[in-house]
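A.B. asks: here is my input; please provide its structure:
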Amino acid sequence: MEPAVRCGLCSDVRVAELQYKCAQNTAARAMFIGRSSGVRPQGNQRRPLKKQLNYAALRKTCIESGALWEDQEFRADVTALGSDGGRWLKDSHGIEPGAIGWKRPFELTDDPKFFVEGLASTDVTEGIAGNDWFVSAASALSREKQLFNKVIPSASSYSLVASAEGGKTSSKFTYCGLFRFMFYHFGRWKQVLIDDRLPIDPNTSVPLFAKSRTKDEFWPVLLEKAYAKYLGSYEALCSHRLEQALVDLTGGVAEILDIGGSEMTPQLKDELHARLSDASRKGSPLCAMHELYEEADGLTLTEGRLPCGIMKGRPYTVTGFASIDISASAAIRTLFGGRQQLRMVRLQDPWADSKYTGAFGQNSFKSHLSYSTRSLRRARNRALFNPCSSSSDPDICPNYVFHYGSSFHGNAGGARTRNPGVSSIRTVTASCQDHRSDERLIECQTDTEQNNRTEYMYSTKQLLRFHSSSVEWTRLSQIERSKLGLKIEQAAEFWVTYDDLLKYFTQFLICHLSRGATDRSGFFGSLANYGSSLWEHAFTGEWTIGTKGSIQDRAGGSAADSVLRNPQYLLEVIQEQAELIVYLMQESPFEAIGFILMKVEANRQFRLHRQKEVIYSSEFLALRDQLSRVGPIPRGRYILIPCTLEAEISQTYLVRVLAKLGAVVMRELLLDQPQKTFLSRKLPSLVTYVKIYGAKDLVKKTPFSMSPYCVIQCEGTSARSASGKGTSPQWKFEALFYRKDPKSSVTIQVWNHSLVMDQCLGRAILPPETGPELKEFELALNLKKCETPVGYVTVETYTTNDVLSV
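C.D. replies: Residues are numbered from 1 along each chain as shown. Below you'll find the predicted structure:
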C-alpha cells in the first residue's frame, strides 16, 4: 500500500497516485467542498438539519475527481468535540483538545475494513466519553440486520482503501472517504453524511471514542461520528441516553418499565413476562438493567457487580425467551422445587464480559479457555480419558485418531491458567470414520507433587461442564442438558430463570417497532414492512402563539380554562377496547410537556370547546421524549391534546400513538364548526347535545336474550350506541347534532339486535323547549300500535345557538 500523503494544492489526505488529478479537478472539487459561514452550534446544541445533499452525485463527483471528501459542516477540528473547543476533554480526562489528531482509517492500519468477519453484536467498545449506552444501542442494532441496513444503507458496499477498480491501469477509484447514515428525526429518516477523519487519542494513537474490538474494523467508530454530528458534537454523546439512541437508530418508541422496590405478585409477574416475551417475539430491541442508585434515597451511587456477577448500571440485551418442560427429568425437577415448567430468559452482555454465576450461568462459554486450580482438581476426580489408559470418557469415541495442535505453556497464548501445577495446555482434534465431524478436545499436562507428569484429555462439552460456576449445570448430565433446549447463539450469552431476572434487574427497556398508518406531513411510519402487530399514527405539530380565538392561537398550556386552545387530535377506538402507547417528542430547548385525553361524543367531528371528562393526564416533563401507556380504554371517540405545562410557549413536537392493528383511527381536528359546501350553503344555527344514560322496563318480545341499543337521529344524520343487555341496559351514550332548522326534531329509537332482523322496541322525541342549560329527565318510549309506554330512557341534553361553545 502506498503511504498516505497530504496534497499541496488542496491539503487533502490522499495516496500519492491520486495527487495528479487534484489540479485538473479544482473546479469540480469546489462543487462539493465549500467553506461554511455563520455561527456554528456549540456543545450539545443540535445543528438544524439542512437540505439533504445528493449522496450519489456527491460520491460520483469525488470519485471522478480523485479527491477524498472533507465535511465542512462537521469539521475535523476542536469545534466538533464540543463547547469551548472541547474543554470538557481537558477537564474530565486531561487531554488537550488541540493535541487530538484526525486520521483516516488507512492511516491507522494497513488493512482497514468496514466489517471484519461479518457483523457481531459484541463488536463495539466504549471510548473515553463513557457512553456505555452507545455500546448497547449499537449491539441491539447489529442484531437486527434489517434495522442495521436502514441506518447504514450502503454498508455492504463500503470499502476503506483507496484502490483502483479493474487493476492498476484503471483510473476509476471507489473510495472517497464519504459515508452515509440515516437517523430517525421527528417522524422522518434523515440523511447524515460524514467524512472518515477520526479523532485520535494523542497518547495511544487509537480512536478516542468508541471503537471496534478488532483494530481493522471501523463501522462502530464511523457510526458514532455520524451520530455525534446528528447530536451536534462529541460532547453531546456524554449526556445522551440509551432510550433516545434506540429511537433515533430504529424509528421505534422506547418504554422503560421500572420494577425496582415494587412487590411483584404472581399476576404482575405473568403480565410482565407476557409483555417482554411479546416484544422479543416481534423483534423489538429489549434491554435489562440493574439500577445504579440505592432504593433508599435514590441518590447514593453504588457501582460494581452484584454477588451473582451482574454489573450494575449496564444494559444487558435480552435475546430470547423459553419455557422448558422439566417434568421428564427428576434431577432438573429436584433443583427447582418440583415445578413442571420453568420460564427462562437469554441475555447477552454487549461488553462480552459475562460473569453471571447464578442458576444456569455459563460464563465459561468464551472464546478463550480459563482454568482454575479448583476446577482442575474437580476434573481429575472424575472419569477422564487418557490415551495411555483403559479408562475413557463416555463423550469420547474409543476409535478416535488424535491430531495434536498448538501448545500453550503457563499463561502463553490464548489459554490462561492460574494453576501452577498445569505445565501446558494444548488443543487436540480427534477424527473417526464413524463420526461426520471432528471432535475438539483439550489436553492438560499436570505436574504432581512427585514430579510425575500426567496427561488428561477432555471433550469440550465435558470440560465446560466441569468448569461451569453454576451448580445447576454441573449436576446435569449432557443428555439432561440437551433436553432443556437452551441454546447459546452468540458470544457472551447466558440463560437466567425468569424469577432470577426479576431478582437481579430493576429496569427493562422496550423499543417498540411499529407500522406507520398516517401522517399529514407524508410520513408513513418507520419500518413499514417490519413484522410488528403495532400500528402507528404519527403527527408533527407546533404550539404557536397568536390572537385569541384565531387558528394561530395554539399554545394554551395545561390549565383547565385554556387547555382546549392547543392542537387537538380525534382518536376513535373501533374495537371493544384498546391499549394505547402515546409518545411525545420535542425539539430543544426542552420544555415541560405532556398530554390530556378526554372522552367525547360518539359522532364528534370538530374541535372541542367545552371541558369533557378527562380519562388520562400524563406527567409533564422537560425531556426530549416521553412515553405513556394508556388503557385499555373502551370503544368510543376521544380527544388527545398535547400541551405544554405553561401557556404561551412556542415549541414543535411529534406525537405518535401506537395500538394493535385495526384498533384505532386518528386524525387532527382543524375546524371549529361545519363549513359551507357546494351542496349546502347554509351554516348551522343550533347545536344539540344528547346523552342517554340507559333504558328501563323494556318489553321483551323474544325468548332469547336481549341486546338493546339506541339510535339518535336529527336532520338526516344519526348516531348509534353499543349494545347493552337485558330490559334495563346502560349505555352512557353521547352525541352532538348541528342543526340548520330550529324546528327539526331529535328522535331517539331503541332497537333490539338480532341475527335475522333488528326489532324496534320504542321511540321518543326530545321536547323542543330544551335550552342552553343542561337538563336531565326521563322520556317514555312508544310504538304506533301501542298506546301505553313500552319503556323509558333517561336523557341529559341542552341546545344552544353558540356553535363554538361545544
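A.B. asks: next, the buried residues of the lengthiest helix in the chain.
C.D. replies: Longest helix of the chain, by residue count under DSSP state H: helix 266-281. Of all the residues in helix 266-281, those buried under the rule 16 or more other CB atoms under 10 Å are 272-273, 276-277, 279-280. C-beta coordinates here come from the backbone N, C-alpha and C atoms, glycine included.
A.B. asks: what of stretch 583-596?
C.D. replies: Neighbour counts over stretch 583-596 (16+ other CB under 10 Å) mark 583-587, 591-596 as buried.
A.B. asks: now the two most distant members of those residues.
C.D. replies: Spatial extent of the buried residues of stretch 583-596 (CB to CB) is set by the pair E587 and I596 at 21.1 Å.
A.B. asks: where does pLDDT dip in the stretch 451-600 of the chain?
C.D. replies: Along the stretch 451-600 of the chain, the parts satisfying pLDDT under 70 run over 451-486, 489, 516-532.
A.B. asks: what's the span of stretch 661-671 from first residue to last?
C.D. replies: One end of stretch 661-671 to the other measures 28 Å (CA to CA, to the nearest Å).
A.B. asks: would you format the buried residues of helix 266-281 as CSV with distance to Q651 included?
C.D. replies: Shown next, in CSV, are those (distance: CB to CB, whole Å):
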residue, distance to Q651
L272, 34
H273, 39
L276, 34
S277, 38
A279, 31
S280, 35
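A.B. asks: which of the residues you listed sits closest to W535?
C.D. replies: Out of these, the member with the shortest distance to W535 (by CB to CB) is A279, at 15.5 Å.
A.B. asks: measure that closest one to R554 for me?
C.D. replies: Distance, A279 to R554, by CB to CB, to the nearest Å: 35 Å.
A.B. asks: go on, F114?
C.D. replies: 46 Å.
A.B. asks: how about S533, what does it touch?
C.D. replies: 282, 660-661 (CB atoms under 8 Å, 6 or more residues apart in numbering).
A.B. asks: could you check the angle whichever strand or helix holds L640 makes with helix 266-281?
C.D. replies: Using DSSP states H and E, the element containing L640 is strand 625-644. Counting by axes from the mean of the first three to the mean of the last three CA atoms, to 10 degrees, strand 625-644 lies at 100 degrees to helix 266-281.
A.B. asks: list the buried residues of strand 625-644.
C.D. replies: For strand 625-644, a neighbour-count test (16+ other CB under 10 Å) marks 625-628, 630-631, 633, 636-644 as buried.
A.B. asks: which is the next helix or strand following it?
C.D. replies: For strand 625-644, the following helix or strand on the C-terminal side (DSSP H and E) is strand 651-660.
A.B. asks: which parts of that next one are buried?
C.D. replies: Quick answer for strand 651-660 (16+ other CB under 10 Å): 651, 653-659.
A.B. asks: and if you look at stretch 134-148?
C.D. replies: Along stretch 134-148, these residues count as buried under the neighbour rule (16+ other CB under 10 Å): 134-144, 147-148.
A.B. asks: what is the neighbour count of the closest residue to D325 other than its chain neighbours?
C.D. replies: Leaving aside its sequence neighbours, D325 sits nearest to Q341 (CB to CB, 6 or more residues apart in numbering; 6.2 Å). A count of nearby residues for Q341, using other CB atoms under 10 Å, gives 10.
A.B. asks: make sure E107 is indeed in a helix.
C.D. replies: Yes. Judged by DSSP: H, G, I helix; E, B strand; the rest coil, E107 forms part of a helix.
A.B. asks: shouldn't G98 be in contact with V78?
C.D. replies: Yes. At 6.5 Å, G98 counts as touching V78 under the criterion of CB atoms under 8 Å.
A.B. asks: between the two, what contacts are shared?
C.D. replies: Common neighbours of G98 and V78 (CB under 8 Å, 6+ apart) are G85.
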